[in-house]
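> Sequence below, structure please.
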Amino acid sequence: MPNDTIDRGIKKAAGDGNSVNYEFCTYEGYGPSGTAIIVKCLTDNKNRTAANVRNAFTKGHGSIGTQGCVSYMFDEKGQIIIAKEDCEMDADDLMMIALDAGAEDFNEEEDCFEVLTSPDDFEAVRSALEAENIPMAEAEVTMIPQNYVELSADEDITNINRILDLLDDDDDVQQVYHNWDE
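Sure thing, here's the model as predicted:
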């Protein structure tokens, strides 16, 4: 065995950060009854991560697809959630601040306000809301499904929960997006 390989192995085991290269990777696939699932990972070993993601889909009776097979069903958006109980501002005033900062859409739900932005304008809108001391429950760039799939069969619900639980338990998985209407 070459000395370089031995040295890399020792450095990796010792925790030398320069010897580990992390890569972003995205997996797409289908869960029960055609639900679309996108899995975003950060890994130092693509083979291990691919096997773990494939295993999660297989155990939940789903299937891994090719790159782009379900991503067209999602829109990448900046999403800011503001809890009504934390924000004493009037909905119209809040909407004007968000829209003036570059937000695309403003929705009032039962217990919160939702501000949607393009990914490029997300930081500007978030900063404008912070400048006004508006408390945000969530603020992230996310994948929002264009339509949702309802699962009525108990077996399908069990299977998609199995997929999501296995993906959640994987340390390499950063985000999981799906179009299941829970």
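
> Relative to the whole chain's centre, how far out is the longest strand along the chain?
In the chain, taking DSSP state E as the definition, the longest strand is strand 74-83. In this view, strand 74-83 has its centroid 11 Å away from the chain centroid, taken as CA atoms, centre = their mean, to the nearest Å.

> Need the contact partners of that strand.
Contacting residues not belonging to strand 74-83 are listed as 36, 38, 94, 98, 104, 111-119, 121-122, 125-126, 129, 134-146, 177, 179 [CB atoms under 8 Å, 6 or more residues apart in numbering]. Quick note: C-beta positions are derived from backbone N, CA and C, even for glycine.

> Give me the sheet partners of that strand and which way each runs.
Neighbouring strands of strand 74-83 in its sheet, by DSSP bridges, are strand 112-117 (antiparallel), strand 138-145 (antiparallel).

> Okay, buried residues for the lengthiest helix in the chain please.
As assigned by DSSP state H, the longest helix anywhere in the chain is helix 154-169. Residues 156, 159-164, 166-167 are the ones in helix 154-169 that count as buried (16 or more other CB atoms under 10 Å).

> the strands in the chain, which residues?
23-30, 36-43, 63-64, 74-83, 105-108, 112-117, 138-145, 173-178.

> pLDDT value on Cys87, please?
At Cys87, the pLDDT value in this model is 80.

> Send me stretch 110-117 as CSV with only the CA atoms.
Presented in CSV, the C-alpha positions along stretch 110-117 are these (Å, rounded to 0.1, in the frame of the first residue of the first chain):
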residue,chain,number,x,y,z
GLU,A,110,-55.0,31.2,10.7
ASP,A,111,-52.1,31.6,13.1
CYS,A,112,-49.3,33.1,11.0
PHE,A,113,-48.3,35.3,8.0
GLU,A,114,-46.3,33.8,5.1
VAL,A,115,-44.0,35.9,3.0
LEU,A,116,-42.7,34.4,-0.3
THR,A,117,-39.8,35.8,-2.2
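
> List the buried residues of it.
The neighbour-count check on stretch 110-117 (16+ other CB under 10 Å) flags 112-113, 115-117 as buried.

> and which of those is nearest to Asn21?
Nearest to Asn21 among the buried residues of stretch 110-117 is Thr117, at 32.1 Å by CB to CB.

> now the strands of the chain in JSON lines, with distance to Arg54 and mean pLDDT?
Shown next, in JSON lines, are those (distance: least, CB to CB, whole Å; pLDDT from 0 to 100):
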{"stretch": "strand 23-30", "distance to Arg54": "8", "mean pLDDT": "93"}
{"stretch": "strand 36-43", "distance to Arg54": "10", "mean pLDDT": "94"}
{"stretch": "strand 63-64", "distance to Arg54": "5", "mean pLDDT": "92"}
{"stretch": "strand 74-83", "distance to Arg54": "21", "mean pLDDT": "91"}
{"stretch": "strand 105-108", "distance to Arg54": "36", "mean pLDDT": "90"}
{"stretch": "strand 112-117", "distance to Arg54": "33", "mean pLDDT": "91"}
{"stretch": "strand 138-145", "distance to Arg54": "21", "mean pLDDT": "91"}
{"stretch": "strand 173-178", "distance to Arg54": "13", "mean pLDDT": "94"}
